[in-house]
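Engineer: Could you look at this predicted model? Sequence included:
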Amino acid sequence: MTTERQRRTPYLDALCEYAERNPARLHVPGHKGGAGADAGLLRAFGERAASLDIPALTHGIDVGVEPTPFEQAQRLAAEAWGARRAWFLVGGASQGNLAAGLALAHHGSEVVVQRNAHSSTIDALVLSGLRPTFAAAELHPELGIAHCLTEDALAHALDATPGAVAAWIVSPTYFGAVADVRSLARAAHARGVPLIVDEAWGAHLAFHERLPEHALAAGADLVVSSTHKIVGSFTQSAMLHLGHGADGMIDESAVDRAVTLTESTSPSALLCGSLDAARRQAAVNGRSLLERTISTLTQAREQIRAIDGLDVLDERLAGRAGVFAYDPLRLAVDVRGVRASGYELAPLLREIDDINLELYGQNVLVAVFGMGERSIPEAARLVAALRTAVARVGLDPAGERLSFAAPPPWGELAMTPREAYLGAQEVVPAAEAVGRIAAESLATYPPGIPNVLPGERLTEQTLAYVQRTLEQGGSVRGASDRRLRTVRVVIE
Ligand SMILES: Cc1ncc(COP(=O)(O)O)c(C=O)c1O
């Protein structure tokens, strides 16, 4: 329910008020509200943006009479998402994951982590020194993508890790699969630990009742939210939310200090202002904006399914292992029925009508839609370009496409990711790396699950699997040598 309060934008208003009153700017940034800026910069961004670009610790904005407009804006954000406290982040959801890891390290040294976590979660392990026990997400072998964790997988990993200080999961995935966060929270809480949810892709879920339940409402304790992705604040702005039930499990002051530690001392006022505005838009107009976007995408899905050779991911996925519900704001196209991979179709779509996708892999293309798309002409453009592309490349009789082989189990964790990252290292030929401890990650696409993380012992099966994926046209992320002729390992 929208309250009158949610119509306010205290931080954005204070920023505008400062710019409009022509203050003596005897502070950074050196462009002085635009007066000292390059003419091209002003043409590109506008004088207004430059005038709003002010530093932190400006009286009446984030220091002075409390609650300051900055504090008020964060409180409104907490209220809008149903959090006990919200922090504005200027380093993306990546910063949220780093801060979460550092905060958890105050409670102990072990943590259960979903294996297909974002790379910033692995970076958080490096930064915090936490020792992970990984829980395997469910695979969709035909599509070659990974979904979410099941309650059983999480319970099993937590039971195997009695010293764990938290369970750390991802939902929704890049492809729109949403986890059964309520059950996962129950499993974590039953074992006395908080549930951390990387909800980078789900900031909008709180604003329409037909969308899957959002993580805070489902009992999550700390939620990383990439507000810029779907809700529409500026790129790199994000939020970290503390749940109402987190008391006693997560030290709020540790989170606060971790946010500061992972952030510049000069956070961008433009990013923070955009978070204040995006929160208002979501709280006040989110429902009607989402209503329109959801219905346009429903129609686009029907049109894409009507194209011979194409299918879409949608709520039919719900009920599969690791998929509790589906987030319709992602338009994921299954291209297995056409005679070209996603890797080949993506540049073709660019050539046909300047269609720029969020993500593409062997079997799936992913187009992302924002909460506040206006008339969404992009959906129609995508459908038309897909029709042209399929007519050009032709169809592929079902079953001819290389099927995706599940990756072998990951190797033993011989040292923490931090120890491996900071330890003495050398680069060796891949053939000589078997049995050595990895100092880098190797994550093959498809399906994008790390096969190797820093600190794990490299096995013959894993190296052969990565090599085979490369030979079949896949790729490997994290590796310093993208062809895997060499691997960076720890000197023991
Ligand atoms: C699951 C997940 N978490 C975190 C991030 C990092 O978000 P940001 O780009 O806002 O730092 C991403 C980015 O794609 C992501 O997919």
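Structural biologist: Received the coordinates, thanks.
Engineer: if we look at stretch 103-112, which residues are touching it?
Structural biologist: With C-beta atoms under 8 Å, 6 or more residues apart in numbering as the test, stretch 103-112 has contacts from 101, 125, 128-135, 154, 157-158, 161, 163-168, 193, 196, 222, 249-251, 254-255, 258. All C-beta spots, glycine's among them, are computed from the backbone N, C-alpha and C.
Engineer: quick check, stretch 429-446 touching the ligand?
Structural biologist: No: Stretch 429-446 does not reach the ligand (C-beta under 6 Å from any ligand atom); its nearest approach is 12.8 Å.
Engineer: I'd like the average pLDDT over that stretch.
Structural biologist: For stretch 429-446, mean pLDDT rounds to 93.
Engineer: buried set for that stretch?
Structural biologist: Using 16 or more other C-beta atoms under 10 Å as the test for burial, stretch 429-446 gives 430, 433-434, 436-446.
Engineer: how many neighbours does residue 46 have?
Structural biologist: Residue 46 has 12 neighbours, counted by other C-beta atoms under 10 Å.
Engineer: ok, it to residue 15 distance?
Structural biologist: Distance of residue 46 to residue 15, computed by C-beta to C-beta, to the nearest Å: 15 Å.
Engineer: Check residue 283 too.
Structural biologist: From residue 283 to residue 15 the distance is 19 Å (C-beta to C-beta).
Engineer: Around the ligand, which positions in the stretch 51-200 of the chain sit nearby?
Structural biologist: Residues of the stretch 51-200 of the chain lying near the ligand (C-beta under 6 Å from any ligand atom): 92-94, 97, 118, 120, 170, 174, 198, 200.
Engineer: 8 Å instead?
Structural biologist: The stretch 51-200 of the chain comes close to the ligand at residues 91-97, 117-118, 120-121, 170, 173-174, 198, 200, as judged by C-beta under 8 Å from any ligand atom.
Engineer: contacting residues for whichever residue of the stretch 1-150 of the chain sits closest to the ligand?
Structural biologist: As assessed by C-beta to the nearest ligand atom, the ligand sits closest to residue 92 within the stretch 1-150 of the chain, at 2.4 Å. Counting by C-beta under 8 Å, 6+ apart, residue 92 makes contact with 120, 226, 228, 236-238.
Engineer: redo that, cut-off 6 Å
Structural biologist: Listed by C-beta atoms under 6 Å, 6 or more residues apart in numbering, the contact set of residue 92 reads 236, 238.
Engineer: swap in residue 235?
Structural biologist: Contact analysis of residue 235 by C-beta under 6 Å, 6+ apart lists residue 228.
Engineer: Helix or strand: which one has it?
Structural biologist: Residue 235 belongs to no helix or strand when assigned by DSSP states H and E.
Engineer: quick one, longest strand in the protein?
Structural biologist: The longest strand of the chain (DSSP state E) is strand 164-170.
Engineer: top of the residues of the stretch 51-200 of the chain next to the ligand by neighbour count?
Structural biologist: With neighbours taken as other C-beta under 10 Å, the top of those is residue 96, carrying 33 neighbours.
Engineer: For the closest residue to that one other than its chain neighbours, give me its contacts.
Structural biologist: Nearest residue to residue 96, sequence neighbours excluded (C-beta to C-beta, 6 or more residues apart in numbering): residue 224, at 3.6 Å. Each residue near residue 224 by C-beta under 6 Å, 6+ apart is listed here: 93, 96-97, 198, 240.
Engineer: what does stretch 240-255 rub up against?
Structural biologist: With C-beta under 6 Å, 6+ apart, stretch 240-255 has contacts from 81, 83-87, 89, 96, 103, 106, 194, 216, 220-224.
Engineer: got the CA coordinates for that stretch in CSV?
Structural biologist: Below are the C-alpha coordinates for stretch 240-255, written out as CSV (Å, rounded to 0.1, in the frame of the first residue of the first chain):
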residue,chain,number,x,y,z
LEU,A,240,21.3,-3.7,0.9
HIS,A,241,18.3,-4.5,3.0
LEU,A,242,18.3,-6.0,6.6
GLY,A,243,15.2,-8.1,7.4
HIS,A,244,13.0,-7.5,10.4
GLY,A,245,13.8,-11.0,11.7
ALA,A,246,17.6,-10.7,11.5
ASP,A,247,18.0,-9.4,15.0
GLY,A,248,20.5,-11.6,16.9
MET,A,249,21.7,-13.3,13.7
ILE,A,250,23.2,-10.4,11.8
ASP,A,251,25.0,-7.6,13.6
GLU,A,252,23.5,-4.4,12.1
SER,A,253,26.5,-2.2,13.1
ALA,A,254,28.8,-4.7,11.3
VAL,A,255,26.8,-4.4,8.1
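Engineer: quick one: average pLDDT of that stretch?
Structural biologist: Averaged across stretch 240-255, pLDDT comes to 96.
Engineer: Please point out which parts of it sit buried.
Structural biologist: 240-243, 245-246, 249-251, 254-255.
Engineer: residue of the stretch 201-350 of the chain with the smallest distance to the ligand?
Structural biologist: residue 226 (3.8 Å).
Engineer: separation between that residue and residue 20?
Structural biologist: Distance from residue 226 to residue 20, counting by C-beta to C-beta: 31 Å.
Engineer: Contact residues of the stretch 201-350 of the chain facing the ligand?
Structural biologist: The stretch 201-350 of the chain has residues 201, 224, 226, 228-229, 235-236, 238 near the ligand, with proximity defined as C-beta under 8 Å from any ligand atom.
Engineer: try 5 Å
Structural biologist: Within the stretch 201-350 of the chain, the residues that sit near the ligand (C-beta under 5 Å from any ligand atom) are 226, 238.
Engineer: Going along the chain, name the strands of the stretch 201-350 of the chain.
Structural biologist: For the stretch 201-350 of the chain, applying DSSP state E, counting those that start in this stretch gives strands covering 222-225, 238-242, 311-312, 325-326, 330-334.
Engineer: Burial-wise, tell me which of these comes out on top.
Structural biologist: Burial of those is given as mean neighbour count (mean count of other C-beta atoms under 10 Å); strand 222-225 ranks first at a mean of 31.
Engineer: so how far is it from its chain's centroid?
Structural biologist: 10 Å (C-alpha atoms, centre = their mean, to the nearest Å).
Engineer: That strand: partners in the sheet, and parallel or antiparallel?
Structural biologist: strand 195-198 (parallel), strand 238-242 (antiparallel) (DSSP bridges).
Engineer: Pull the contacting residues for residue 280.
Structural biologist: So residue 280 contacts residue 9 (C-beta under 6 Å, 6+ apart).
Engineer: Kindly recompute the last result at 10 Å.
Structural biologist: Listed by C-beta atoms under 10 Å, 6 or more residues apart in numbering, the contact partners of residue 280 are 2, 5-9, 12, 73, 76-77, 80, 286.
Engineer: Restricting the selection to alpha carbons, write stretch 140-147 to CSV.
Structural biologist: Listed next in CSV are the C-alpha coordinates belonging to stretch 140-147 (Å, rounded to 0.1, in the frame of the first residue of the first chain):
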residue,chain,number,x,y,z
HIS,A,140,18.2,-27.8,-16.5
PRO,A,141,20.2,-30.2,-18.7
GLU,A,142,18.3,-29.6,-21.9
LEU,A,143,18.7,-25.9,-21.8
GLY,A,144,22.1,-25.9,-20.2
ILE,A,145,21.3,-23.4,-17.5
ALA,A,146,21.4,-23.5,-13.7
HIS,A,147,18.3,-22.7,-11.6
